[in-house]
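[1] Give me the fold of what follows.
(2 chains)
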There are 2 protein chains.
Amino acid sequence: MAEHIVSSYEDELKFIVRRISEMGGLAERMVEQAVTALTRSDAALAQSVVADDAILDAQQREIDERAIMTIAKRQPMAIDLREIVGAIRISNELERIGDLAKNIAKRVIAVHDHIQPAQLVRGIEHLSELSVEQVKDVLDAYAMRDPQRAAAIREGDEEIDAVYTSIFRELLTYMMEDPRNITACTHLLFSAKNLERIGDHATNIAETVYYIRTGSEIAEERPKGDTTASVTQSTVENAASGQAG
Amino acid sequence: MAEHIVSSYEDELKFIVRRISEMGGLAERMVEQAVTALTRSDAALAQSVVADDAILDAQQREIDERAIMTIAKRQPMAIDLREIVGAIRISNELERIGDLAKNIAKRVIAVHDHIQPAQLVRGIEHLSELSVEQVKDVLDAYAMRDPQRAAAIREGDEEIDAVYTSIFRELLTYMMEDPRNITACTHLLFSAKNLERIGDHATNIAETVYYIRTGSEIAEERPKGDTTASVTQSTVENAASGQAG
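    Predicted structure coming up:
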């Protein structure tokens, strides 16, 4: 009887882990498609990202319910409990990644008629690739139950923050050069910020994977994250004149 | 013995609910202080908001752990289970509100030397008051276990979205008038967006309160939310010329 319960718990956990992998695949695709829609002004693709978000939300609610019922029925302890709690947290992070992709998709129309400089498009695509890569990597670390790999993923977030900061400054420079760029650049600014936040959610997932396996938090200091909050007018003007000179 | 278990479950739930009320009070104060720091360029106050966020995070982790242990130990069903799951969700929303307040506080230095037009400051203060009011109201609805009151709170989010949209356009207009406004206005734009998102989190809490009491989702369509994603250059220019004319 005890063995039957254990096996049942394992089955339920397997089901939940498989569902998280599906959610992860959908969330990654949404981010990629939202950025493609943005850079190619593809309104139909943007619309399909918005529609996908409802599917992702439903998947998250299902995982939530299954996980809670498993806790109530099986009373798992130690690592088994952390597995289930971890699953709830990870699906929550993936749902938030989907929200951010949807928000990018909703900006496609506003940016539509604006000519986007090639350098800027490349920057945003690069930021998107880095963020999606982080999400893929952390879901691999989750599938492989590899806490060291999860801990290493946090390092990748520094590169994302550096690329985001550079895009942030570049966008401000475009706005200063020509006021007609301001509205479109504002939407690109929010889109870039969303991609940077997707990287943060990957980091949160990495910390959860580590917690599941070890029962403790990752020891080292977390990288500083987005530093654009302290970018001032003079920083941007200096950077802009540096570019011009 | 059965009564003993019931009473213990009740005690644990009471403890968690009291903790959520404390978290709510701290989150509200953080939002208020972050906006005060922003409009008065008060770096010390901003610093204290950043420090408070660590306390809020610790409170959320504690509620999470207590709630999960209560589910595992007591195996609550139906409304009792929804109470505990609801507590986890609400503390998660409050933690996110704290993050947004911290993000506003971190922008204080960047906005510091910029003269903020009185109309804009009033707009942001108004948006902050509306958002904090939503958080207060929804925590009252949670404390009173009042699903109707919770459902009604969603309506307040429409006013927040309208005020945010108006500030969004106003900020874009300031940027177009004078490129030297762009950096500071960008930080104010992110701050206003954060306040709008705080309103969204209040709405999420309202939906959770409704779910706890009724076991079902609120029936009516959720208000549309932030509509600035579709604001285009011509919309802003028309609005700006309308103001000037």
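[2] Could you give me the buried positions within stretch A:178-188?
    Buried positions in stretch A:178-188, judged by neighbour count with 16 or more other CB atoms under 10 Å in any protein chain shown: A:P179, A:N181, A:I182, A:T183, A:A184, A:C185, A:T186, A:H187, A:L188. Quick note: C-beta positions are derived from backbone N, CA and C, even for glycine.
[3] now the strands for chain A?
    Assigned strands in chain A: none (criterion: DSSP state E).
[4] Output the set of residues of it in proximity to chain B.
    A:64, A:68, A:71-73, A:75-77, A:81, A:85, A:92, A:103, A:106-107, A:109-110, A:112-114, A:172, A:175-177, A:179-180, A:182-184, A:186-187, A:189-190, A:193, A:229-233, A:235-236 (CB under 8 Å from any CB of the partner chain).
[5] Would you report which members of the buried residues of stretch A:178-188 are assigned to helices?
    Mapping those onto helices (DSSP state H) picks out A:I182, A:T183, A:A184, A:C185, A:T186, A:H187, A:L188.
[6] and the fourth one, what pLDDT?
    What it means is A:C185. The model reports A:C185 with a pLDDT of 92.
[7] For A:D178, grab phi and psi.
    phi -150, psi 110 (degrees, to the nearest 10).
[8] Return the distance of it relative to B:I182.
    A:D178 sits 11 Å away from B:I182 when distances are taken as CB to CB, to the nearest Å.
[9] contacting residues for the closest residue to A:R66 other than its chain neighbours?
    Distance criterion CB to CB, 6 or more residues apart in numbering or on different chains; nearest residue to A:R66, sequence neighbours excluded, is A:I16 at 5.7 Å. With contact taken as CB atoms under 8 Å, 6 or more residues apart in numbering or on different chains, A:I16 is in contact with A:I63, A:R66, A:A67, A:T70, A:I84, A:A87.
[10] Could you dump the residues you listed into TSV with pLDDT and neighbour count added?
    Shown next, in TSV, are these (pLDDT from 0 to 100; neighbours: other CB atoms under 10 Å in any protein chain shown):
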residue	pLDDT	neighbour count
A:I63	94	24
A:R66	90	19
A:A67	90	24
A:T70	88	24
A:I84	90	24
A:A87	93	23
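[11] if we take the residues you listed, which one ends up nearest to chain B?
    Ranked by distance to chain B (CB to the nearest CB), the contacts of A:I16 are led by A:I84 at 8.5 Å.
[12] For that closest one, give me its contacts.
    For A:I84, the contact set (CB under 8 Å, 6+ apart) comprises A:L13, A:I16, A:A67, A:T70, A:I71, A:P76.
[13] Tell me if I'm right that the last one and A:E83 touch.
    Think A:P76. Yes: using CB atoms under 8 Å as the test, A:P76 is close enough to A:E83 to be in contact (7.3 Å).
[14] show me where pLDDT drops low in chain A?
    Of all residues in chain A, those with pLDDT under 70 make up the ranges A:1-7, A:113, A:115, A:219-225, A:233-245.
[15] Show me the residue at the heart of it, geometrically.
    Among the residues of chain A, the one closest to the centroid is A:I198, at 2.3 Å (CA atoms, centre = their mean).
[16] Mind naming the longest helix for chain A?
    Secondary structure of chain A read by DSSP H shows that its longest helix is helix A:2-40.
[17] which of the residues in that helix are buried?
    Neighbour-count burial for helix A:2-40, counted by 16+ other CB under 10 Å, picks out A:9, A:12-13, A:16-17, A:19-20, A:23-24, A:26-39.
[18] how far is that helix from where the chain is centred?
    Here the centre of mass of C-alpha atoms in helix A:2-40, compared against the chain's by CA atoms, centre = their mean, to the nearest Å, lies 14 Å away.
[19] who's in contact with A:L172?
    With CB under 8 Å, 6+ apart, A:L172 has these contacts: A:C185, A:V231, A:V236, B:I182, B:T183, B:T186.
[20] repeat for A:I153
    When contacts are counted by CB under 8 Å, 6+ apart, A:I153 is found next to A:Q134, A:D137, A:V138, A:A141, A:A202, A:T203, A:A206.
[21] Let me know the closest of these to chain B.
    Checking these against chain B by CB to the nearest CB gives A:T203 as the nearest, at 13.5 Å.
[22] Please verify my assumption that the closest one contacts A:D157.
    Yes: A:T203 is within contact range of A:D157, at 5.0 Å (criterion: CB under 8 Å).
[23] wait, what's in contact with the closest residue to A:R149 other than its chain neighbours?
    Nearest non-adjacent residue to A:R149, counting by CB to CB, 6+ apart: A:A141, 4.2 Å away. Contacts of A:A141 were listed using CB under 8 Å, 6+ apart, and they are A:P147, A:R149, A:A150, A:I153, A:A206, A:V209.
[24] Reformat those as CSV; add distance to B:L130.
    Shown next, in CSV, are the contacts of A:A141 (distance: CB to CB, whole Å):
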residue, distance to B:L130
A:P147, 44
A:R149, 44
A:A150, 40
A:I153, 38
A:A206, 36
A:V209, 39
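[25] Now list the buried members of those.
    Buried members of these, scored by 16+ other CB under 10 Å, are A:P147, A:R149, A:A150, A:I153, A:A206, A:V209.
[26] Now the two most distant members of those.
    Spatial extent of these (CB to CB) is set by the pair A:P147 and A:I153 at 10.7 Å.
[27] can you give me the helices in chain A?
    So, for chain A - with DSSP H - the helices run A:2-40, A:43-74, A:78-105, A:108-111, A:118-143, A:147-177, A:182-214, A:233-244.
[28] of all the ones you listed, which lies closest to B:V50?
    helix A:182-214 (16.5 Å).
[29] for the closest one, packing partners?
    Applying 3 or more CB pairs under 8 Å, 6 or more residues apart in numbering or on different chains; DSSP states H and E, one finds that helix A:182-214 contacts helix A:2-40, helix A:78-105, helix A:108-111, helix A:118-143, helix A:147-177, helix B:147-177, helix B:182-214, helix B:233-244.
[30] Including distance to B:V121, could the ones you listed go into TSV?
    Output for these, formatted as TSV (distance: least, CB to CB, whole Å):
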stretch	distance to B:V121
helix A:2-40	33
helix A:78-105	27
helix A:108-111	26
helix A:118-143	32
helix A:147-177	22
helix B:147-177	11
helix B:182-214	9
helix B:233-244	18
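[31] Looking at those, which is nearest to B:D53?
    Sorting these by CB to CB, the top spot, which is the nearest, belongs to helix B:182-214 at 13.0 Å.
[32] Please compute how far the closest one lies from its chain's middle.
    With CA atoms, centre = their mean, you get 4 Å for helix B:182-214.
[33] now A:E62: how far from A:I68?
    According to CB to CB, A:E62 and A:I68 sit 11 Å apart.
[34] who has more neighbours, those two?
    When neighbours are counted by other CB atoms under 10 Å in any protein chain shown, A:I68 comes out ahead of the other of A:E62 and A:I68, with 19 against 14.
[35] Just put the contacts of A:I16 in JSON lines and tack on distance to B:A51.
    Formatted as JSON lines, the entries for the contacts of A:I16 read as follows, by distance: CB to CB, whole Å:
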{"residue": "A:I63", "distance to B:A51": "34"}
{"residue": "A:R66", "distance to B:A51": "38"}
{"residue": "A:A67", "distance to B:A51": "33"}
{"residue": "A:T70", "distance to B:A51": "37"}
{"residue": "A:I84", "distance to B:A51": "33"}
{"residue": "A:A87", "distance to B:A51": "32"}
